[in-house]
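Student: pasting the structure only:
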């Protein structure tokens, strides 16, 4: 039933859940176990107090999961230390090495969905509790980005299997045209460097647009090829969209993961370059310089802007742990949308009209056998509730610098469906930053937010905590009046104390960044 393997992480064991089912909702007589070795998950018993002590479960998402998730690099480890918890990490189907089918053909991708992922998680949590003979253990589910959604949805759909969820940076609202993404990038530039940074990027983007407006094969196209070091000359408008997606994706990635890794450019850094005339006489010249700095940071000499190469990468049906782009693109084409267009006039790349919805529709069409359907965002929001989700014992954390916060919960506590749903809007932080282990350089708002999370976990794990009440406006989720007042005060402190991007590029970058942070999108 279980296949065990050693890992590079001390105290962490890797397992395979061999009873995972390809279609969790098929009739029993039609259910089949996964092809191959089964679904990967990891367990760290180092901190566990034994039977009856809590279990902390991280929900893997659109990336290769790692044993490092269950180490001291993560805030969940600190919470487990406090509560003597068992640490568990589950890899999502069709990502990493957890493939339920022999390939990722379109006929097999029908089994890739949030619904199937949640059911997989339910099976493994039940299995772990049974294996450790600890049915009385409370469970805290944790996720970030797409799995921030899953953490919240799991609490709503399987409330008996989770006593509380930490939903970090979850874009709970499915939306086809996610133009607001770039609005937040715009606001991040202003937050760190003022309107002059936005103006410089805007002027540079307009200069790029002026050049490509000359048409394929023109001197304008040739100048873009030269200035941005394309690996081969652009041959079509489709090639142009990949160049634009990559160039804008550089900026998107910087904002999304701002200040999360040492020696990586921040929003303040790129604004400084765009305002430094020693880097170029014009904003366009400085933008060209900045693109070169990104290439150096990625360790590449040229920009691959081939539409054909992009489509080939997204179309490959081989089970490849390093290609998270195909399964995640399928989920966006089928379920979520999240297409980060330039349609909003409130951001610097508004002049780049080729990065509208049609760009994403064309990628879906080419990658998935002529896919010609808009994402079923209305249905996803009907099923899961979007930001109107009604469930108990969830902390919804998000950062003001994180573009995904535009689709998440940032409202005041009084506006949520239940009083045990806690919003944490952290001014000055980026994507899933609260899930990482605390550092001495953390801003006060981030430190305060983690304390709110810790306080909530204390409440959820206390003997007096009474979860699974009916979801209505009178439900206090087990919180006393004093506790509710304390939470509201803490949220105010977090807010006041702080004073996946072009689809192809970002999907690749998203996977890379998530893994480097251990995991740590499109989300």
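Tutor: Yep, that arrived. What you see is a predicted model, and the numbers here were worked out from it, not measured in a lab.
Student: Distance of residue 395 relative to residue 423?
Tutor: Applying CB to CB, to the nearest Å, the value for residue 395 to residue 423 is 8 Å. For the C-beta atoms, the positions are set from N, CA and C on the backbone; glycine is no exception.
Student: Neighbour count: those two, which is higher?
Tutor: Counted by other CB atoms under 10 Å, residue 395 and residue 423 do not tie: residue 395 has more neighbours, with 27 against 23.
Student: which helices and strands does the helix or strand containing that one pack with?
Tutor: Using DSSP states H and E, residue 395 sits in strand 394-399. In terms of contacts (3 or more CB pairs under 8 Å, 6 or more residues apart in numbering; DSSP states H and E), strand 394-399 is packed against helix 146-157, strand 164-168, strand 421-426, helix 444-461.
Student: where's the second one relative to the chain centroid, distance-wise?
Tutor: So the one you mean is strand 164-168. 14 Å (CA atoms, centre = their mean, to the nearest Å).
Student: mean confidence score for that strand?
Tutor: Strand 164-168 shows a mean pLDDT of 98.
Student: ditto for the third one
Tutor: Strand 421-426 comes out with an average pLDDT of 96.
Student: related to what we said a few turns ago, quick one: closest of the helices and strands packed on strand 394-399 to residue 183.
Tutor: strand 421-426 (15.8 Å; CB to CB).
Student: so where does residue 142 fall, helix or strand?
Tutor: Assigned by DSSP H and E, residue 142 falls in strand 139-144.
Student: For that strand, name the packing helices and strands.
Tutor: So strand 139-144, by 3+ CB pairs under 8 Å, 6+ apart, packs with strand 55-59, helix 114-131, helix 146-157, strand 164-168, helix 444-461.
Student: go again using 10 Å as the cut-off
Tutor: Applying 3 or more CB pairs under 10 Å, 6 or more residues apart in numbering; DSSP states H and E, one finds that strand 139-144 makes contact with strand 55-59, helix 75-83, strand 86-90, helix 114-131, helix 146-157, strand 164-168, strand 394-399, helix 444-461.
Student: in its sheet, what does the third one sit against?
Tutor: In the sheet containing strand 86-90, the strands it pairs with under DSSP bridges are strand 39-44 (antiparallel), strand 55-59 (parallel).
Student: Could you identify which of these is most buried?
Tutor: strand 55-59 (a mean of 27; mean count of other CB atoms under 10 Å).
Student: hey, where'd the helices end up in the stretch 301-450 of the chain?
Tutor: Secondary structure of the stretch 301-450 of the chain by DSSP state H, counting those that start in this stretch: the helices cover 307-315, 325-331, 357-367, 377-384, 444-461.
Student: Model confidence for residue 220, exactly?
Tutor: 98.
Student: for residue 517, same thing?
Tutor: With respect to pLDDT, residue 517 has a value of 30.
Student: Stretch 89-104: end-to-end distance?
Tutor: Distance between the boundary residues of stretch 89-104 (CA to CA, to the nearest Å) amounts to 23 Å.
Student: average pLDDT across it?
Tutor: The average pLDDT for stretch 89-104 rounds to 98.
Student: quick one: low-confidence parts of the stretch 401-523 of the chain?
Tutor: Along the stretch 401-523 of the chain, the parts satisfying pLDDT under 70 run over 411-414, 464-523.
Student: run the last query once more with 90
Tutor: Applying pLDDT under 90 to the stretch 401-523 of the chain flags the ranges 410-419, 463-523.
Student: got it, and the stretch 201-350 of the chain?
Tutor: Across the stretch 201-350 of the chain, the ranges flagged by pLDDT under 90 are 261-263.
Student: just the strands in it please.
Tutor: 337-339 (DSSP state E, counting those that start in this stretch).
Student: center of this structure, which residue is that?
Tutor: residue 145 (2.8 Å; CA atoms, centre = their mean).
Student: wait, isn't that one in contact with residue 63?
Tutor: Yes. Counting by CB atoms under 10 Å, residue 145 does reach residue 63; the two are 9.1 Å apart.
Student: What distance do you get for residue 214 to residue 237?
Tutor: To residue 237, residue 214 is 12 Å away according to CB to CB.
Student: hey, what's in contact with both of those two?
Tutor: Common neighbours of residue 214 and residue 237, using CB atoms under 10 Å, 6 or more residues apart in numbering, are residue 221.
Student: show me what contacts residue 232?
Tutor: Counted by CB under 10 Å, 6+ apart, residue 232 has contacts 225, 239, 302-306, 309.
Student: got it, and residue 84?
Tutor: Going by CB under 10 Å, 6+ apart, residue 84 touches 47-50, 52-54.
Student: And the closest residue to it other than its chain neighbours, its phi and psi?
Tutor: Distances taken as CB to CB, 6 or more residues apart in numbering place residue 49 nearest to residue 84, at 3.2 Å, with adjacent residues excluded. Main-chain torsions, residue 49, degrees, to the nearest 10: phi -80, psi -10.
Student: Output the helices and strands packed on strand 394-399 in CSV, with distance to residue 275 appended to each entry.
Tutor: What follows is these, written out as CSV (distance: least, CB to CB, whole Å):
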stretch, distance to residue 275
helix 146-157, 34
strand 164-168, 32
strand 421-426, 27
helix 444-461, 26
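Student: closest one to residue 257 among these?
Tutor: strand 164-168 (13.4 Å).
Student: Which secondary structure elements does the helix or strand following that closest one sit against?
Tutor: Note on strand 164-168: by DSSP H and E, the next helix or strand toward the C-terminus is strand 175-177. In terms of contacts (3+ CB pairs under 10 Å, 6+ apart), strand 175-177 is packed against strand 337-339, helix 357-367, helix 377-384.
Student: just the ones you listed: most buried one?
Tutor: Counting by mean count of other CB under 10 Å, the most buried of the helices and strands packed on strand 175-177 turns out to be strand 337-339, with a mean of 27.
Student: contact partners of that one?
Tutor: 146, 171, 173-179, 181, 328, 331-333, 355-361, 363-364, 374-377, 380, 404, 407, 500-501, 503, 521-523.
Student: Just send the strands paired with strand 86-90 back as a markdown table, with distance to residue 150 and mean pLDDT too.
Tutor: Output for these, formatted as a markdown table (distance: least, CB to CB, whole Å; pLDDT from 0 to 100):
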| stretch | distance to residue 150 | mean pLDDT |
| --- | --- | --- |
| strand 39-44 | 15 | 98 |
| strand 55-59 | 5 | 98 |
